[in-house]
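Asker: Curious how this folds, go ahead:
(one chain, ligands or ions: 1)
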Amino acid sequence: MNWDDPAETPERLVGGAADREDQAVEAALRPKDLTEFIGQERVRQQLDLVLRAARQRGATADHVLLSGAPGLGKTTLSMIIAAEMGAPIRITSGPAIQHAGDLAAILSSLQEGEVLFLDEIHRMSRPAEEMLYMAMEDFRVDVIVGKGPGATAIPLELPPFTLVGATTRAGLLPPPLRDRFGFTAHMEFYAPAELERVIHRSAGLLDVEVAAEGAAEIAGRSRGTPRIANRLLRRVRDYAQVRADGVITREIAAQALEVYEVDGRGLDRLDLAVLRALLTLFGGGPVGLSTLAVAVGEERETVEEVAEPFLVREGLLARTPRGRVATPAAWAHLGLVAPQTPPQPQGFGAGGGTGAPGTGQTGLFGS
Ligand SMILES: Nc1ncnc2c1ncn2[C@@H]1O[C@H](COP(=O)(O)OP(=O)(O)OP(=O)(O)O)[C@@H](O)[C@H]1O
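Answerer: Numbers count the residues shown, from 1 in each chain. This next block holds a predicted model:
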């Protein structure tokens, strides 16, 4: 199962990728200029300078690369760049550009100064990527006409434009592409206080009354991600409307998120299942990834790519050469006591094993 695919997992409240409802409502919640954009102070200041300077020179802004996890505001920032430059914006993504011709068609139809937002730029095809090098540097592309020995390259001049590339994996970009961006910004996860501001702002726009402690309660469960904060806010709003008087207090937020199975730290059912298995079935590890996945009844990739990154980030789980290991914080979070002497690994290498030792899986994961 792909937990970040909205079609497959509409119920995953703490996934970073946008689900259908997010896509429908996000436009209304997006900050429209840099002053409205919350947090990311350094990125904001640097970008402000880049854009102001370009405006003063009457020039098109330099190409911008934004990297960071899903839902941190890369699309929002690209729209703000266009708005600040008074320029139109064209939005596309790496997977949508599979042939160089697809890119040539987009580039040749850009207006002067237009912002081209290329999401998931690391997923573009190689020929398109190579075409982009020249377009970014010289505002020119060579369109190849014909095939084989008779093929000819016809140079095509482009109007100056600003490419805003977004990627969740800056390390995957080939250096020649990375080097062609004049400004690169890495977006960090948001501090709880910043997420509280995001929640108050969104609550205002959605016409929902939220108390300071209610916003703090939601912020603490939002995994440092504005998209998740906005999504949890909408679910808590539903609960407050149906079960209370519509006002989001700390109690209402906590009760609502318990119903939706998002715990006080933002862990959901899958995260907790992985952690609980690691602690109760394997004494805190080390245990191989495949064994852990079997124990929670999930694919290895799901555990590795969906649950683990947040558990590692939160300091609850460590990946070691001998397998996955729970940290003291994990024991504390589940209210369990770590065994005095860590049990010896029972033959589960990092590459996998065959299943939980003797304890069986039905009690914990049978439902
Ligand atoms: N700094 C911020 N201040 C206020 N709201 C924000 C901020 N950053 C993001 N948001 C909100 O979070 C939502 C998601 O942001 P956005 O779509 O820009 O994320 P993204 O990084 O482009 O995600 P993806 O990588 O999935 O495309 C937006 O609707 C926006 O309202």
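
Asker: From now on I want contacts and neighbour counts done on CA atoms only, so please keep to that.
Answerer: Noted.

Asker: Flag the shaky bits of the stretch 101-250 of the chain, pLDDT-wise.
Answerer: Low-confidence regions of the stretch 101-250 of the chain, defined by pLDDT under 70, are absent; no residue qualifies.

Asker: And the next helix or strand past the helix or strand encompassing residue 203?
Answerer: Taking DSSP states H and E as the definition, one finds residue 203 inside helix 192-206. Where DSSP H and E defines the elements, the next helix or strand beyond helix 192-206 is helix 212-220.

Asker: Which other helices and strands does whatever helix or strand comes next after that next one contact?
Answerer: On the C-terminal side of helix 212-220, the closest following helix or strand by DSSP H and E is helix 226-243. Contacting helix 226-243 under the criterion 3 or more C-alpha pairs under 8 Å, 6 or more residues apart in numbering; DSSP states H and E are the following elements: helix 192-206, helix 212-220, helix 250-259.

Asker: What about the residue of the stretch 51-200 of the chain found nearest the ligand, how many residues nearby?
Answerer: Proximity of the stretch 51-200 of the chain to the ligand (C-alpha to the nearest ligand atom) peaks at residue 73, 3.1 Å away. Other residues near residue 73 number 22, with proximity taken as other C-alpha atoms under 10 Å.

Asker: that older thread, check which helices and strands the helix holding residue 203 sits against.
Answerer: Under the contact definition 3+ C-alpha pairs under 8 Å, 6+ apart, helix 192-206 sits against helix 20-29, helix 212-220, helix 226-243.

Asker: Which of those has the highest mean neighbour count?
Answerer: Each of those was assessed for mean neighbour count using mean count of other C-alpha atoms under 10 Å. The highest is helix 212-220, with a mean of 23.

Asker: Mind giving me the packing neighbours of that helix?
Answerer: Packing partners of helix 212-220 (3+ C-alpha pairs under 8 Å, 6+ apart): helix 192-206, helix 226-243, helix 250-259.

Asker: Reformat these as a markdown table; add distance to the ligand.
Answerer: Written out in a markdown table, the entries for the helices and strands packed on helix 212-220 read as follows (distance: least, C-alpha to the nearest ligand atom, whole Å):
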| stretch | distance to the ligand |
| --- | --- |
| helix 192-206 | 5 |
| helix 226-243 | 4 |
| helix 250-259 | 19 |
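
Asker: and whatever helix or strand residue 290 lives in, what other elements does it pack with?
Answerer: Assignment of secondary structure by DSSP H and E places residue 290 within helix 289-296. In terms of contact count using 3+ C-alpha pairs under 8 Å, 6+ apart, helix 289-296 is assigned the packing partners helix 269-280, helix 300-301.

Asker: And the first one, what's buried?
Answerer: Pointing back at helix 269-280 there. Applying a neighbour-count criterion of 16 or more other C-alpha atoms under 10 Å, one finds 270-279 buried in helix 269-280.

Asker: Convert the strand or helix carrying residue 130 to PDB, retaining C-alpha atoms only.
Answerer: Per DSSP H and E: residue 130 is located in helix 126-138. Included here for helix 126-138 are C-alpha records, laid out as PDB according to Å, rounded to 0.1, in the frame of the first residue of the first chain:
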ATOM      1  CA  ARG A 126      17.100  12.700 -18.500                       C
ATOM      2  CA  PRO A 127      16.600  14.300 -22.000                       C
ATOM      3  CA  ALA A 128      14.300  16.900 -20.500                       C
ATOM      4  CA  GLU A 129      16.800  17.600 -17.800                       C
ATOM      5  CA  GLU A 130      19.500  18.200 -20.300                       C
ATOM      6  CA  MET A 131      17.300  20.600 -22.300                       C
ATOM      7  CA  LEU A 132      16.600  22.500 -19.000                       C
ATOM      8  CA  TYR A 133      20.300  23.100 -18.500                       C
ATOM      9  CA  MET A 134      20.500  25.200 -21.600                       C
ATOM     10  CA  ALA A 135      17.200  26.900 -21.000                       C
ATOM     11  CA  MET A 136      18.100  28.000 -17.500                       C
ATOM     12  CA  GLU A 137      21.500  29.300 -18.500                       C
ATOM     13  CA  ASP A 138      21.100  30.800 -22.000                       C
END
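
Asker: hang on, the earlier thing: right, so the helices and strands packed on helix 226-243: which one is the most enclosed?
Answerer: Among the helices and strands packed on helix 226-243, ranked by average contacts under mean count of other C-alpha under 10 Å, first place goes to helix 212-220 (a mean of 23).

Asker: Not counting its own residues, what contacts that one?
Answerer: Contacts made with helix 212-220 from outside it, assessed by C-alpha atoms under 8 Å, 6 or more residues apart in numbering, are listed as 192-193, 195-196, 199-200, 229, 232-233, 248-254, 264-266.
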